[in-house]
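K.L.:
pasting a predicted model and its sequence here:
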Amino acid sequence: MSDRAVILAGGQGARLRPYTVVLPKPLMPVCEYPVLEVVVRQLVRHGFRRITLAVNHQAELIRAFFGEGSRWGVQIDYSLEDRPLSTMGPLRLIPDLPEHFLVMNGDVLTDLDFRAFLGEHILARRSFTIAASRRVHVIDYGVLEADSAGRLTGFHEKPSSTYLVSMGVYAVSRRALEFIPANTSYGFDHLMRDMLAAGEPVHVHEHPGYWRDIGRPDDYVQAVEEFEGPIKQVLLP
């Protein structure tokens with residue numbers, strides 16, 4: 001079983017400005033912990049023994065906080081981008097990735113069992129597995145339907161739709177890295193399009209449990225409130 005994880009922590013946190021002007025997004029506090037520390041503690045609890053932090057924006061602050069990981073009983077090293085490479089591009093900078101490994105954003109709070117998620121991926125011999133969650137999107141308006149003559153034919157007050165969305169947590173095998181170009185800004189969206197075009201199967205693992213994307217202001221405020229309740233014990237027992 002692989003015990004290697006890569007955390008993508010190089011984003012500029014544009015959606016959380018002005019807070020992220022002085023603090024990198026992964027160090028944004030959720031009560032007494034930076035969100036990235038919650039992630040590191042969870043990975044250690046799930047048996048991961050080596051974590052690579054892919055960093056760029058305010059990398060020196062992240063490195064100063066986490067050091068080599070001895071405080072948490074894990075080996076932490078760093079992959080520094082000299083320019084933004086988006087979400088998947090940084091993986092090509094890490095030369096010693098094992099055959100299978102976990103990749104996740106550094107601003108995700110979830111009760112997903114990372115070890116079981118990666119283990120299922122390996123057992124099924126997949127190349128890429130996406131953890132996914134159901135999200136309800138509400139339109140904050142009365143939505144009108146009209147015919148070609150401009151006559152109202154239907155009306156929906158604040159309708160909602162449910163989507164299956166990526167949680168920013170992935171189980172990855174080395175053969176998926178062959179799709180990622182070197183030294184190029186290359187995101188998750190690029191990789192998915194290229195793998196689909198090549199006929200390379202990508203699996204979606206739906207997680208029915210807790211998930212918050214701290215990079216979204218609404219999720220961040222909600223997560224801070226929830227962390228003061230029972231969810232803290234769930235994430236950090």
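P.N.:
Sure thing, it's come through. Residues are numbered from 1 along each chain as shown.
K.L.:
tally of neighbours for the closest residue to Arg49 other than its chain neighbours?
P.N.:
Nearest residue to Arg49, sequence neighbours excluded (CB to CB, 6 or more residues apart in numbering): Asp3, at 4.3 Å. For glycine as for every other residue, the C-beta is placed from the backbone atoms N, C-alpha and C. Close neighbours of Asp3, defined as other CB atoms under 10 Å, add up to 18.
K.L.:
so who does Asp3 touch?
P.N.:
Each residue near Asp3 by CB atoms under 8 Å, 6 or more residues apart in numbering is listed here: 47-50.
K.L.:
select from those residues the one having the most neighbours.
P.N.:
Busiest of these [other CB under 10 Å] is Phe48, holding 21 neighbours.
K.L.:
ok so, going back, would you turn the contacts of Asp3 into CSV with pLDDT, distance to Val103 and secondary structure?
P.N.:
Supplementary listing: the contacts of Asp3 in CSV, determined by pLDDT from 0 to 100; distance: CB to CB, whole Å; DSSP: H, G, I helix; E, B strand; the rest coil:
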residue, pLDDT, distance to Val103, secondary structure
Gly47, 95, 16, coil
Phe48, 97, 12, coil
Arg49, 96, 16, coil
Arg50, 97, 13, strand
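K.L.:
what's the farthest-apart pair in these?
P.N.:
With CB to CB as the measure, no two of the contacts of Asp3 lie farther apart than Gly47 and Arg50, at 11.1 Å.
K.L.:
beta-bridge partners for the closest residue in space to Ser166 that isn't next to it in sequence, please?
P.N.:
Nearest non-adjacent residue to Ser166, counting by CB to CB, 6+ apart: Ile130, 5.3 Å away. Note on Ile130: beta-bridge partners by DSSP bridges are Tyr170, Val204.
K.L.:
repeat that for Asp213.
P.N.:
Listed by DSSP bridges, the beta-bridge partners for Asp213 are Val108.
K.L.:
so which helix or strand of this protein has the lowest pLDDT on average?
P.N.:
helix 19-22 (a mean of 62; mean pLDDT, DSSP states H and E).
K.L.:
neighbouring strands for the next helix or strand after that one, and are they parallel or not?
P.N.:
Remark: after helix 19-22, the chain's next helix or strand is strand 29-30, criterion DSSP states H and E. Here strand 29-30 has these sheet partners by DSSP bridges: strand 33-34 (antiparallel).
K.L.:
now do the same for the most far-flung residue of the chain relative to its centre: its pLDDT.
P.N.:
In terms of distance from the mean C-alpha position of the chain, Ala149 ranks first, at 46.3 Å (CA atoms, centre = their mean). Among the per-residue scores, Ala149 shows a pLDDT of 96.
K.L.:
what lies in contact with stretch 153-163?
P.N.:
Contacts of stretch 153-163 (CB under 8 Å, 6+ apart): 134-147.
K.L.:
for stretch 124-133, same thing?
P.N.:
110, 112, 117, 120-121, 164-173, 175-176, 191, 195, 200-208, 211.
K.L.:
could you list which of those residues belong to strands?
P.N.:
Under the assignment DSSP state E, these contribute 110, 164-173, 203-206, 211 to strands.
K.L.:
using PyMOL, define a selection of the buried residues within those residues.
P.N.:
Those of those that count as buried under 16 or more other CB atoms under 10 Å are selected in PyMOL with:
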select buried, resi 110+166+167+168+169+170+171+172+173+205+211
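K.L.:
Thr87 belongs to a strand?
P.N.:
No - counting by DSSP: H, G, I helix; E, B strand; the rest coil, Thr87 is not found in a strand; it is coil.
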